[in-house]
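# Show me the folded form of this:
(one chain, ligands or ions: 2)
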Amino acid sequence: MKLIVGIGGMTNGGKTTLANGLHRSLPNCCVIHQDDFFKPQDQIAVGEDGFKQWDVLESLDMEAMLSTVQAWLSNPQKFARAHGVSVQPGAPDTHILLLEGFLLYSCKPLVDLYSRRYFLTVPYEECKWRRSTRTYAVPDPPGLFDGHVWPMYQKYKREMEANGVDVVYLDGTKPREELLREALEDIQNSLLNAAR
Ligand SMILES: Nc1ncnc2c1ncn2[C@@H]1O[C@H](COP(=O)(O)OP(=O)(O)O)[C@@H](O)[C@H]1O
Ligand SMILES: O=C(O)c1ccc[n+]([C@@H]2O[C@H](COP(=O)([O-])O)[C@@H](O)[C@H]2O)c1
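Ligands and ions are numbered 1, 2, ... in the order given. Next up, the predicted model:
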(Lines give C-alpha, C1' and ligand atoms only; values in the text may rest on other atoms or scores of the structure.)
(Ligands and ions follow the chains in the order given, each with its own letter.)
Protein backbone atom coordinates (compact mmCIF):
# COMPACT_ATOMS: atom_id res chain seq x y z
CA MET A 1 0.00 0.00 0.00
CA LYS A 2 1.26 3.50 -0.87
CA LEU A 3 0.12 6.64 0.90
CA ILE A 4 1.11 10.22 0.01
CA VAL A 5 0.57 12.78 2.74
CA GLY A 6 0.91 16.55 2.22
CA ILE A 7 2.27 18.79 4.98
CA GLY A 8 1.43 22.17 3.52
CA GLY A 9 0.52 25.61 4.76
CA MET A 10 2.09 28.95 5.41
CA THR A 11 5.75 29.77 5.81
CA ASN A 12 6.86 29.09 9.42
CA GLY A 13 3.61 27.32 10.24
CA GLY A 14 5.66 24.37 11.53
CA LYS A 15 5.61 22.15 8.42
CA THR A 16 9.22 20.95 8.61
CA THR A 17 8.94 20.29 12.34
CA LEU A 18 5.81 18.17 11.87
CA ALA A 19 7.18 16.37 8.80
CA ASN A 20 10.39 15.47 10.65
CA GLY A 21 8.39 14.16 13.63
CA LEU A 22 6.20 12.02 11.37
CA HIS A 23 9.23 10.78 9.47
CA ARG A 24 10.77 9.53 12.71
CA SER A 25 7.52 7.89 13.87
CA LEU A 26 6.15 6.16 10.77
CA PRO A 27 7.45 2.94 9.18
CA ASN A 28 8.91 2.97 5.67
CA CYS A 29 8.45 6.71 5.48
CA CYS A 30 10.26 9.06 3.08
CA VAL A 31 10.09 12.87 2.91
CA ILE A 32 10.39 15.27 0.00
CA HIS A 33 10.84 18.96 0.88
CA GLN A 34 9.55 21.47 -1.67
CA ASP A 35 12.18 24.00 -0.52
CA ASP A 36 14.82 21.75 -2.09
CA PHE A 37 13.37 22.64 -5.50
CA PHE A 38 13.83 26.42 -5.49
CA LYS A 39 15.38 27.56 -8.77
CA PRO A 40 18.77 29.33 -8.61
CA GLN A 41 18.66 32.95 -7.55
CA ASP A 42 19.47 34.29 -11.02
CA GLN A 43 16.32 32.63 -12.40
CA ILE A 44 13.99 34.32 -9.90
CA ALA A 45 12.00 37.17 -11.46
CA VAL A 46 11.97 40.62 -9.90
CA GLY A 47 8.47 42.05 -9.48
CA GLU A 48 7.19 45.57 -10.03
CA ASP A 49 7.46 45.92 -6.26
CA GLY A 50 11.25 45.46 -6.59
CA PHE A 51 11.29 42.16 -4.67
CA LYS A 52 12.56 38.87 -6.02
CA GLN A 53 9.41 36.78 -6.42
CA TRP A 54 10.39 33.74 -4.34
CA ASP A 55 6.87 32.95 -3.16
CA VAL A 56 5.33 32.01 -6.50
CA LEU A 57 5.05 28.56 -8.06
CA GLU A 58 7.26 29.61 -11.00
CA SER A 59 10.22 29.99 -8.60
CA LEU A 60 10.18 26.26 -7.94
CA ASP A 61 11.28 23.51 -10.31
CA MET A 62 8.04 21.58 -9.94
CA GLU A 63 8.92 19.25 -12.82
CA ALA A 64 11.93 18.04 -10.87
CA MET A 65 9.82 17.62 -7.74
CA LEU A 66 7.24 15.68 -9.72
CA SER A 67 9.94 13.38 -11.14
CA THR A 68 11.10 12.67 -7.59
CA VAL A 69 7.54 11.77 -6.58
CA GLN A 70 7.25 9.53 -9.67
CA ALA A 71 10.47 7.76 -8.68
CA TRP A 72 8.96 6.98 -5.27
CA LEU A 73 5.66 5.85 -6.85
CA SER A 74 7.37 3.48 -9.27
CA ASN A 75 9.54 1.81 -6.62
CA PRO A 76 9.11 2.98 -3.02
CA GLN A 77 11.44 0.27 -1.63
CA LYS A 78 14.29 1.34 -3.89
CA PHE A 79 13.55 5.03 -3.18
CA ALA A 80 13.59 4.37 0.57
CA ARG A 81 16.93 2.54 0.40
CA ALA A 82 18.45 5.30 -1.75
CA HIS A 83 17.35 7.85 0.86
CA GLY A 84 18.73 5.95 3.84
CA VAL A 85 15.32 4.72 5.06
CA SER A 86 15.49 1.09 6.15
CA VAL A 87 12.48 -0.93 5.05
CA GLN A 88 10.94 -2.57 8.11
CA PRO A 89 10.40 -6.33 7.82
CA GLY A 90 7.10 -6.11 9.77
CA ALA A 91 5.43 -3.66 7.37
CA PRO A 92 7.10 -4.22 4.01
CA ASP A 93 3.96 -3.54 1.96
CA THR A 94 3.15 -0.16 3.48
CA HIS A 95 5.03 2.86 2.18
CA ILE A 96 4.38 6.46 3.13
CA LEU A 97 5.64 9.54 1.31
CA LEU A 98 5.46 12.92 3.05
CA LEU A 99 5.53 16.00 0.82
CA GLU A 100 6.33 19.12 2.80
CA GLY A 101 6.10 22.65 1.45
CA PHE A 102 4.39 26.03 1.30
CA LEU A 103 2.89 25.65 -2.21
CA LEU A 104 1.96 21.98 -2.34
CA TYR A 105 -1.71 22.32 -3.23
CA SER A 106 -1.27 24.85 -6.02
CA CYS A 107 0.55 22.40 -8.25
CA LYS A 108 -2.13 20.77 -10.44
CA PRO A 109 -0.31 17.51 -11.33
CA LEU A 110 0.26 16.80 -7.64
CA VAL A 111 -2.99 17.87 -6.07
CA ASP A 112 -4.92 14.61 -6.60
CA LEU A 113 -2.12 12.33 -5.44
CA TYR A 114 -2.55 12.99 -1.73
CA SER A 115 -4.45 10.68 0.60
CA ARG A 116 -4.32 13.44 3.22
CA ARG A 117 -3.62 17.17 2.83
CA TYR A 118 -2.66 19.01 6.03
CA PHE A 119 -2.51 22.80 6.07
CA LEU A 120 -0.72 24.47 8.97
CA THR A 121 -1.55 28.05 9.85
CA VAL A 122 -0.61 30.50 12.60
CA PRO A 123 -1.84 34.08 13.06
CA TYR A 124 -0.14 36.84 11.02
CA GLU A 125 1.82 38.27 13.97
CA GLU A 126 3.16 34.87 15.00
CA CYS A 127 4.11 34.07 11.42
CA LYS A 128 5.93 37.37 10.99
CA TRP A 129 7.77 36.91 14.29
CA ARG A 130 8.83 33.32 13.51
CA ARG A 131 9.96 34.40 10.07
CA SER A 132 12.11 37.21 11.56
CA THR A 133 14.06 34.56 13.52
CA ARG A 134 14.84 32.49 10.39
CA THR A 135 17.73 32.93 7.97
CA TYR A 136 17.09 31.42 4.55
CA ALA A 137 19.73 30.51 1.94
CA VAL A 138 18.88 33.95 0.55
CA PRO A 139 18.08 36.17 3.56
CA ASP A 140 14.88 38.25 3.45
CA PRO A 141 15.47 41.88 2.42
CA PRO A 142 13.65 44.47 4.60
CA GLY A 143 9.92 44.61 3.86
CA LEU A 144 9.75 41.23 2.05
CA PHE A 145 7.28 39.69 4.49
CA ASP A 146 4.59 42.37 4.17
CA GLY A 147 5.44 43.31 0.58
CA HIS A 148 5.59 39.83 -0.95
CA VAL A 149 5.45 36.77 1.35
CA TRP A 150 2.15 37.45 3.12
CA PRO A 151 0.23 38.74 0.05
CA MET A 152 1.33 35.69 -1.97
CA TYR A 153 0.33 33.35 0.86
CA GLN A 154 -3.13 34.92 0.90
CA LYS A 155 -3.47 34.78 -2.88
CA TYR A 156 -2.56 31.08 -3.17
CA LYS A 157 -4.73 30.14 -0.18
CA ARG A 158 -7.71 31.95 -1.75
CA GLU A 159 -7.12 30.08 -5.03
CA MET A 160 -6.84 26.75 -3.23
CA GLU A 161 -10.14 27.37 -1.46
CA ALA A 162 -11.84 28.55 -4.66
CA ASN A 163 -10.67 25.34 -6.37
CA GLY A 164 -12.29 23.28 -3.61
CA VAL A 165 -9.07 21.51 -2.56
CA ASP A 166 -9.95 19.40 0.46
CA VAL A 167 -7.46 20.16 3.25
CA VAL A 168 -7.30 19.42 6.97
CA TYR A 169 -6.39 22.67 8.76
CA LEU A 170 -3.98 22.32 11.68
CA ASP A 171 -3.41 25.04 14.26
CA GLY A 172 0.37 25.60 14.20
CA THR A 173 0.31 27.35 17.59
CA LYS A 174 -0.48 24.06 19.35
CA PRO A 175 2.46 22.34 21.05
CA ARG A 176 4.65 20.34 18.67
CA GLU A 177 3.92 17.02 20.46
CA GLU A 178 0.15 17.59 20.23
CA LEU A 179 0.32 18.30 16.49
CA LEU A 180 2.42 15.21 15.96
CA ARG A 181 0.01 13.03 17.96
CA GLU A 182 -3.00 14.44 16.06
CA ALA A 183 -1.45 13.86 12.63
CA LEU A 184 -0.13 10.40 13.55
CA GLU A 185 -3.55 9.24 14.70
CA ASP A 186 -5.15 10.60 11.55
CA ILE A 187 -2.59 8.93 9.24
CA GLN A 188 -2.95 5.63 11.08
CA ASN A 189 -6.72 5.84 10.55
CA SER A 190 -6.16 6.53 6.85
CA LEU A 191 -3.93 3.45 6.65
CA LEU A 192 -6.60 1.32 8.35
CA ASN A 193 -9.33 2.63 6.03
CA ALA A 194 -7.18 2.04 2.95
CA ALA A 195 -6.48 -1.53 4.08
CA ARG A 196 -10.21 -2.37 4.39
N1 LIG B 1 4.14 23.87 17.28
C2 LIG B 1 5.06 24.84 17.36
N3 LIG B 1 5.01 25.75 18.37
C4 LIG B 1 5.92 26.74 18.45
N5 LIG B 1 6.93 26.93 17.57
C6 LIG B 1 7.05 26.06 16.55
C7 LIG B 1 6.12 24.98 16.38
N8 LIG B 1 6.47 24.29 15.28
C9 LIG B 1 7.56 24.91 14.77
N10 LIG B 1 7.92 25.96 15.53
C11 LIG B 1 9.03 26.88 15.30
O12 LIG B 1 8.64 27.75 14.23
C13 LIG B 1 9.73 27.96 13.34
C14 LIG B 1 9.38 27.47 11.96
O15 LIG B 1 9.20 26.05 12.02
P16 LIG B 1 9.35 25.14 10.74
O17 LIG B 1 8.92 23.77 11.11
O18 LIG B 1 10.70 25.30 10.13
O19 LIG B 1 8.25 25.83 9.80
P20 LIG B 1 8.00 25.76 8.23
O21 LIG B 1 8.67 24.51 7.71
O22 LIG B 1 6.51 25.70 8.10
O23 LIG B 1 8.57 27.00 7.64
C24 LIG B 1 10.93 27.25 13.97
O25 LIG B 1 11.62 28.17 14.78
C26 LIG B 1 10.29 26.17 14.83
O27 LIG B 1 11.09 25.79 15.91
O1 LIG C 1 15.41 28.01 0.51
C2 LIG C 1 15.72 28.95 -0.25
O3 LIG C 1 16.64 28.87 -1.10
C4 LIG C 1 14.90 30.22 -0.17
C5 LIG C 1 15.35 31.35 -0.81
C6 LIG C 1 14.60 32.49 -0.72
C7 LIG C 1 13.39 32.50 -0.03
N8 LIG C 1 12.99 31.36 0.57
C9 LIG C 1 11.71 31.38 1.31
O10 LIG C 1 11.32 30.09 1.71
C11 LIG C 1 9.96 30.19 2.08
C12 LIG C 1 9.32 28.81 2.09
O13 LIG C 1 9.95 27.99 3.03
P14 LIG C 1 9.29 27.74 4.46
O15 LIG C 1 10.18 26.68 5.05
O16 LIG C 1 9.34 29.03 5.21
O17 LIG C 1 7.90 27.29 4.19
C18 LIG C 1 9.32 31.14 1.11
O19 LIG C 1 8.45 32.02 1.80
C20 LIG C 1 10.54 31.88 0.49
O21 LIG C 1 10.41 33.30 0.59
C22 LIG C 1 13.72 30.25 0.52
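
# only C-alpha atoms for contact and neighbour calcs from this point on.
Noted.

# Return the distance of stretch 121-128 from the chain's centre.
17 Å (Cα atoms, centre = their mean, to the nearest Å).

# Flag every buried residue along it.
T121, V122, C127, K128 (16 or more other Cα atoms under 10 Å).

# Establish whether it and ligand 1 are in contact.
No. Taking Cα under 6 Å from any ligand atom as the criterion, stretch 121-128 and ligand 1 are apart, separated by no less than 8.3 Å.

# the helices in this structure, which residues?
15-25, 62-74, 76-82, 108-111, 124-132, 144, 150-162, 176-195 (DSSP state H).

# want to throw the ones you listed into JSON lines with distance to I44?
As requested, the helices of the chain are arranged in JSON lines below (distance: least, Cα to Cα, whole Å):
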{"stretch": "helix 15-25", "distance to I44": "23"}
{"stretch": "helix 62-74", "distance to I44": "14"}
{"stretch": "helix 76-82", "distance to I44": "30"}
{"stretch": "helix 108-111", "distance to I44": "21"}
{"stretch": "helix 124-132", "distance to I44": "20"}
{"stretch": "helix 144", "distance to I44": "14"}
{"stretch": "helix 150-162", "distance to I44": "15"}
{"stretch": "helix 176-195", "distance to I44": "33"}
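
# now the ones you listed as a markdown table including mean pLDDT?
Below are the helices of the chain laid out as a markdown table (pLDDT from 0 to 100):
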| stretch | mean pLDDT |
| --- | --- |
| helix 15-25 | 97 |
| helix 62-74 | 98 |
| helix 76-82 | 93 |
| helix 108-111 | 94 |
| helix 124-132 | 98 |
| helix 144 | 97 |
| helix 150-162 | 98 |
| helix 176-195 | 94 |
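
# Tell me what angle whichever strand in the chain runs longest forms with helix 176-195.
In the chain, taking DSSP state E as the definition, the longest strand is strand 2-9. Angle between the axes of strand 2-9 and helix 176-195 is 150 degrees (criterion: axes from the mean of the first three to the mean of the last three Cα atoms, to 10 degrees).

# What residues sit buried inside strand 2-9?
Applying 16+ other Cα under 10 Å to strand 2-9 flags L3, I4, V5, G6, I7, G8, G9 as buried.

# So what sits opposite the third one in the bridge?
In this structure, V5 has the following beta-bridge partners (DSSP bridges): L98, R116.
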